[in-house]
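K.L.:
Task: produce atomic coordinates for the following.
(chains A and B)
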Amino acid sequence: MAKVLIVEDDPSSRRLVEFTLQQEGFEVVTASNGLEGLDRAQSDQPDVIVMDIMMPVMAGFEACLRLKEIPTTAHIPILVLTAKGHEADRTYSLMAGADDYLAKPADPEIIAGRVRALLNKAAGGS
Amino acid sequence: MTTAPDNARLSSARDTERLITFQRITAMVAASLNVQETLDAIVAATCELVGTAEALIVIRDADTGELTLHPHPAHAVPDAEADELFRRSLWDGIGAHVMRTQKPHVVNDSGEPLAGPLPVAAQAWICVPLIIQDESIGLLYALNDRPTQFSDEAVTLATLLANHAAIAIVNARLFEKTESRLRASNAVFRVTQALAQNLSVDEVLQMAVEQITLAVPSAGKAVIHLLRGEVLDPRAASRKQGRGQAPHSLAMRAGSGIAGRALARKTPQVALDTLRDPDFIDHGTGVRSLIVVPLMVDDRVMGTLSVDSASINAFDGDTQRLVVSLGHQASVAISRARLFDAMRAEKRRIEAILNHMVDGVMLLDGDGRIANVNPALIDMVRVPASQLTGQLVRDVPYPVNQFGLDLPLDGHDAVAERSVQTGEPLKKAFEVFASPVPSATAGWAGHVVVVHDVTRERELDQLKSDFISTVSHELRTPLFSIRGFVKLLTNDKVTDDKTRREFLSIVSQQTDHLAQIVNDLLDLSRLDAGRPIEMDFESVDTSAIASQVVARFQSLAGERRILLKTDVPGGLPRVRADARRLTQALVNLVGNAIKFTAEHGRVTIGAGIESPGELRVSVTDTGIGIPADALPHLFERFFQVGQPSMPRLGGTGLGLYITRQIVEAHGGRICVESTLGAGSCFWFTIPVDTPNPGGNTRG
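P.N.:
Below you'll find the predicted structure:
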């Protein structure tokens, strides 16, 4: 069973993504900010990370950059899921090392679809 | 009877006496400039040397035809009519003949004493002309009341004395002419000098009239009138005579009198006998001679210069020409002074504008050097003016060297925006406009650079665009979960009731959150439009509101492992407040406190008595604190604490702004104290509800 790490500070958004992915059969672990996300990524070794951008303590961009610098997490695909709606945010996310980008409000099925696509891509690549 | 040798000796003695007298006259003619005294001496000498009882010199003024008499011995002045007849008799007949022929006329015995034409009943006389440069200017008479055999010698002597008289007159005239020329040129010089000085119109006018009365001794009064519509206003009058306010100094209608004629004809008007001038308006001031010169610039009349005198024929040709010339000088001086006045006023106006302008202004000369800067520019750039003026723009200190714009050659304005650092870390944005100033001849005399500080506008632009992206983020977040959960629920993805209830509760909570954001935005637009927050005052129990707010945030606080509690003593007075708004203010403060406080932190709502009429309500946290430089801006709309090292935490940036508006609408004040890394305390005051006889309060 593939494992997904959700890094999201807004509890209701986190719960929504968690439930949706669980329904799709993923194992889900969560973190409520970027720093916590770094710890969980290293300790839990998820197959995909879903990352929010605007978060306290450590924002999503910085978390992405750090994850790609850590050898044990650098390979994990990251889907940025953010309510920041600017085209620039998509560019920044990809520059920070994210593999895909989705703007809120996105449908739960689409999130699940993107996560699956990232998993397939990673499996094909390895 | 005397003997021949006696006669010879006597004759020789008389010759000596004559010689002495003659030499005295010659010396006097050479030395004295007093023509009156000299002519008196000559007529006396004529009696003595020619041996007549009386002598008389008559001078005829070439310009006026007036006769001046120098008799010996002095005669009583006859009455005016007899005097006039007498004077003319001297000229008619013999006198006119001698003048014309320029030859002595001798009558040894007229046969009987001739009364009438002469002051004495003369029976013998010699009449010789006074000749200056081939022109007869007068006559010398030697007269006896008895028949006299005049010798050739006597005639020669009379002729010599007449010549001396002529020389004396020539000398005196030359001197007088020189002197009056000197006075005239002095006057012209003074008036011209006034041109060079920056004198005001009134100063120039006063100087002109004073100089005219100095230059024209025969003048009584000099007055300058300036046109104001149809009226000639007296603007300057000589003080020479000090007779007080003469009617001459009164305003006159521009169309009347000799002045009116001068204005209409645009030429100087001279009245040598005002009573014979049909246009003369007699004010009873005894003016008998009058010159009025129109003051003109480019064929446009500005006013008049009038010079008067109490005697007729007071002004000879030279004087008239002098007055006219001074009038012309005065015209030029007046128009120059008016121009100066206008320029001075314009200069003062421009200086006032420049000095009080909010925008910086820099004037550049044709070479691109800074000619002038205004105080606002100095204030903006904090570079002393001494380091700017006279320098090329590119050579002066930063940031002024950024303000030189290349002007297009077609004379259009140039505009550019310059971001400069005027201090650490003060960044400023300036909009720079440059306009060419056309020169009087061709090309450009320089240009004007206006520097407009747009820092605040740019900051506001930035705040607004940040605000829009923030608001969109804040709206999308609850929308995301609402939409997502509703979709899950409607697609029957949720099978158990417990989860269904959980999701419905989240949707309801998020909907409230969304509604609150929308309310904040509505408050903002109301406040932006200048409308106050609507208040519905009632008597409110602060501790009840504090408890409600704590209850509302308890689950969030628990989730973040933050201890949220109230610290409100019992028995506090009720406050006069809008309960909904007071709740909103506390919700904003507590929501912020939780957001910026880490796990295991504390957030406390406190209340207490601030003063007899006020409660103090506080929200204290043990959060990350607020940087000191952010504190002054905390209650500004859109403001959010931003630091590169600290991620943005969301929120619209409106909460504290609206909270302050709410507190102030209650008549209270809001403050914040914060230590970075240790926590913050927001507190506000709110008036205690004092029951009044009107009784709209609830006990």
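
K.L.:
list the contacts for the most centrally placed residue in chain A?
P.N.:
The centroid of chain A falls nearest to A:Val50 when counting by C-alpha atoms, centre = their mean (1.5 Å). The contact partners of A:Val50, by C-beta atoms under 8 Å, 6 or more residues apart in numbering or on different chains, come to A:4-8, A:17, A:21, A:78-79, A:81, A:111, A:115. Placement of C-beta: from N, CA and C, glycine included.

K.L.:
List the ones among those that fall in helices.
P.N.:
Counted as lying in helices by DSSP state H, out of the contacts of A:Val50, are A:17, A:21, A:111, A:115.

K.L.:
and the second one, what does it touch?
P.N.:
When contacts are counted by C-beta under 8 Å, 6+ apart, A:Leu21 touches A:4, A:6, A:28, A:50, A:111-112, A:115.

K.L.:
now do the third one
P.N.:
Under the criterion of C-beta under 8 Å, 6+ apart, the neighbours of A:Ile111 are A:17, A:20-21, A:50, A:79, A:81, A:102.

K.L.:
before we move on, the earlier item: same list (the ones in helices among the contacts of A:Val50) but as TSV, adding pLDDT.
P.N.:
Shown next, in TSV, are the ones in helices among the contacts of A:Val50 (pLDDT from 0 to 100):
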residue	pLDDT
A:Val17	93
A:Leu21	93
A:Ile111	91
A:Val115	93
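
K.L.:
farthest-separated two in those?
P.N.:
The largest separation in those, counting by C-beta to C-beta, is between A:Val17 and A:Val115 at 9.3 Å.

K.L.:
Shouldn't B:Thr620 be within a strand?
P.N.:
Yes. Under DSSP: H, G, I helix; E, B strand; the rest coil, B:Thr620 falls within a strand.

K.L.:
quick one: it from B:Cys681, how far?
P.N.:
4 Å (C-beta to C-beta, to the nearest Å).

K.L.:
what do you get for B:Thr148?
P.N.:
137 Å.

K.L.:
Which residue of those two possesses the greater neighbour count?
P.N.:
Remark: of B:Thr148 and B:Cys681, B:Thr148 carries more neighbours, 23 against 17, as counted by other C-beta atoms under 10 Å in any protein chain shown.

K.L.:
Ramachandran coordinates for the more buried one?
P.N.:
Backbone torsions of B:Thr148, given as degrees, to the nearest 10, read phi -140, psi 130.

K.L.:
Now it: closest residue in space that isn't a chain neighbour?
P.N.:
Excluding the flanking residues, the one nearest B:Thr148 by C-beta to C-beta, 6 or more residues apart in numbering or on different chains is B:Ala124, at 3.9 Å.

K.L.:
Check what pLDDT B:His248 gets.
P.N.:
The model reports B:His248 with a pLDDT of 48.

K.L.:
where along chain A do the strands fall?
P.N.:
Under the criterion DSSP state E, chain A contains strands at A:3-7, A:27-31, A:48-51, A:78-82, A:100-103.

K.L.:
Isn't A:Gly37 up against A:Met51?
P.N.:
Yes. Assessed by C-beta atoms under 8 Å, A:Gly37 is found in contact with A:Met51 at 7.0 Å.

K.L.:
sorry, back to before: okay, the contacts of A:Ile111 in JSON lines with distance to B:Gln402 next?
P.N.:
Output for those, formatted as JSON lines (distance: C-beta to C-beta, whole Å):
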{"residue": "A:Val17", "distance to B:Gln402": "51"}
{"residue": "A:Thr20", "distance to B:Gln402": "55"}
{"residue": "A:Leu21", "distance to B:Gln402": "55"}
{"residue": "A:Val50", "distance to B:Gln402": "48"}
{"residue": "A:Leu79", "distance to B:Gln402": "46"}
{"residue": "A:Leu81", "distance to B:Gln402": "44"}
{"residue": "A:Leu102", "distance to B:Gln402": "44"}
